[in-house]
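>>> here's my sequence, what's the structure:
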Amino acid sequence: MKLAVFNAYRIGVVDGEQVYDITQVLPEPLRDWRYGHMNWLIAHWSSMLPAIHAARAAAQPLALASVNLHAPVPNAPHVFAAPANYRKHINELGVRSVSKGRSAREQGFFLKAPGSVVGPHSKIVLPRGSQRRFDHESELAVIIGRAGRDIPRAQAMDYVFGYACLMDLTMRIEPGVAEEERSMRKSFASFTPVGPFLVTADEVPHPDALQNRLWVNGELRQDANTRDMIVDIPEMIELVSSVLALSPGDIIASGTPEGVGPMLPGDTVTIEIERVGRMSLHVIEAAQVAPRAF
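Below is the predicted model of the structure:
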């Protein structure tokens, strides 16, 4: 099943080029409250399935092209991310790399601010007037479906609810000049586009063999397969849950393959992951210079 969050944070089931509003299945207090409504639905998915199917059958279809899509998990409790998780990406940035030859297995994970998450109809907003380099990174988002702690890899996939496309956008360091912490450089508002839909795990039987591509202005920049990840999805879940408990709606970003590169205002960045989806976002400059300019 494909789930979307659209318009005034309604929840819908996507079928082809149409979306069916199923918001009515939520408890009344949650229906107009975007903070946590998808997390609640994910956590209660099994018990809510009959009501979801009934609401889908009764709903009038809306043209997908006529609605405004938000991130399918608008309020993820956490956004965990794997650094340097493709061998060819390690140190591809030279002096701008902080990996120093270490993969995600050695480095662990880092956090992105949940407030940086936006949907497919948003824009990527770069700091106004900045001379810094801002890069695209094309990643698979793994959406957690069950709470759990200390999850062994043999059981890890039982905790996956579904998948989405994710761009991990980054302000690069300038060695000796500007070397801010990674989580800050990746947490500007709009720096984690997720979407276009949340595709449930049963629709993606082999997440370890998905083609992952990204284009800038129609030029193919990244083209790899999730089979090339150093730390696979079960190991990521085992790692993160060994540090703290996972919650429904948590997002784990898989790490990016080689081919990362700069984006500029006026560009269009497109991501496509096999069986998961495709979305394009435009890059703009912020309306004003921030008090702390970058």
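
>>> what helix or strand does the nearest residue to Pro257 once chain neighbours are set aside sit in?
Among residues not flanking Pro257 along the chain, Ala224 sits closest, at 3.3 Å (C-beta to C-beta, 6 or more residues apart in numbering). Where you see a C-beta, it was placed from the backbone N, CA and C, and this is true even at glycine. Element membership of Ala224 [criterion: DSSP states H and E] is strand 219-225.

>>> list the buried ones in that strand?
For strand 219-225, a neighbour-count test (16 or more other C-beta atoms under 10 Å) marks 221-222, 224 as buried.

>>> for the residue nearest the centre of the chain, what are phi and psi?
With distances taken as C-alpha atoms, centre = their mean, the chain has Leu166 as the residue nearest its mean C-alpha position (3.3 Å). Here is the backbone geometry of Leu166 (degrees, to the nearest 10): phi -140, psi 130.

>>> and what of Asp202?
phi -70, psi -20.

>>> hey, where'd the strands end up in the stretch 51-200 of the chain?
62-63, 69-70, 79-81, 110-112, 117-118, 124-126, 134-136, 138-144, 160-167, 170-171, 192-200 (DSSP state E, counting those that start in this stretch).

>>> just put the ones you listed in JSON lines and tack on distance to Ile251.
Output for the strands of the stretch 51-200 of the chain, formatted as JSON lines (distance: least, C-beta to C-beta, whole Å):
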{"stretch": "strand 62-63", "distance to Ile251": "26"}
{"stretch": "strand 69-70", "distance to Ile251": "14"}
{"stretch": "strand 79-81", "distance to Ile251": "5"}
{"stretch": "strand 110-112", "distance to Ile251": "9"}
{"stretch": "strand 117-118", "distance to Ile251": "8"}
{"stretch": "strand 124-126", "distance to Ile251": "18"}
{"stretch": "strand 134-136", "distance to Ile251": "18"}
{"stretch": "strand 138-144", "distance to Ile251": "5"}
{"stretch": "strand 160-167", "distance to Ile251": "7"}
{"stretch": "strand 170-171", "distance to Ile251": "16"}
{"stretch": "strand 192-200", "distance to Ile251": "7"}
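
>>> in CSV: the ones you listed, plus distance to Val14 and mean pLDDT.
Shown next, in CSV, are those (distance: least, C-beta to C-beta, whole Å; pLDDT from 0 to 100):
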stretch, distance to Val14, mean pLDDT
strand 62-63, 10, 98
strand 69-70, 9, 98
strand 79-81, 23, 98
strand 110-112, 25, 97
strand 117-118, 19, 98
strand 124-126, 23, 98
strand 134-136, 25, 97
strand 138-144, 15, 98
strand 160-167, 12, 98
strand 170-171, 29, 97
strand 192-200, 5, 98
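
>>> closest one to Glu28 among those strands?
Nearest to Glu28, of all these, is strand 69-70, at 20.8 Å by C-beta to C-beta.

>>> that closest one - contacts with which helices or strands?
Packing contacts for strand 69-70, counted by 3 or more C-beta pairs under 8 Å, 6 or more residues apart in numbering; DSSP states H and E, involve strand 2-6.

>>> in its sheet, what does the strand it packs on sit against?
When pairing is defined by DSSP bridges, strand 2-6 lines up against strand 10-15 (antiparallel), strand 69-70 (antiparallel), strand 192-200 (antiparallel).

>>> would you mind finding the most buried of the ones you listed?
With neighbours taken as mean count of other C-beta atoms under 10 Å, these reach their highest mean count in strand 192-200, at a mean of 26.

>>> circling back to that earlier point, hang on, isn't the residue nearest to Pro257 packed against Leu214?
No: between Ala224 and Leu214 there is no contact, the gap being 9.6 Å when judged by C-beta atoms under 8 Å.

>>> any residues in contact with both of the two?
Gly259 (C-beta atoms under 8 Å, 6 or more residues apart in numbering).

>>> quick revisit: need the strands paired with strand 2-6 in a markdown table (columns: distance to Met157).
Converted to a markdown table, the strands paired with strand 2-6 look like this (distance: least, C-beta to C-beta, whole Å):
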| stretch | distance to Met157 |
| --- | --- |
| strand 10-15 | 23 |
| strand 69-70 | 27 |
| strand 192-200 | 13 |
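
>>> mind checking the SS state of Gly255?
Per DSSP: H, G, I helix; E, B strand; the rest coil, the secondary structure class of Gly255 is coil.

>>> rewinding a little: and the strands paired with strand 2-6: which comes nearest Met48?
Across these, closest to Met48 is strand 10-15 (C-beta to C-beta), at 10.9 Å.

>>> sounds good, over and out.
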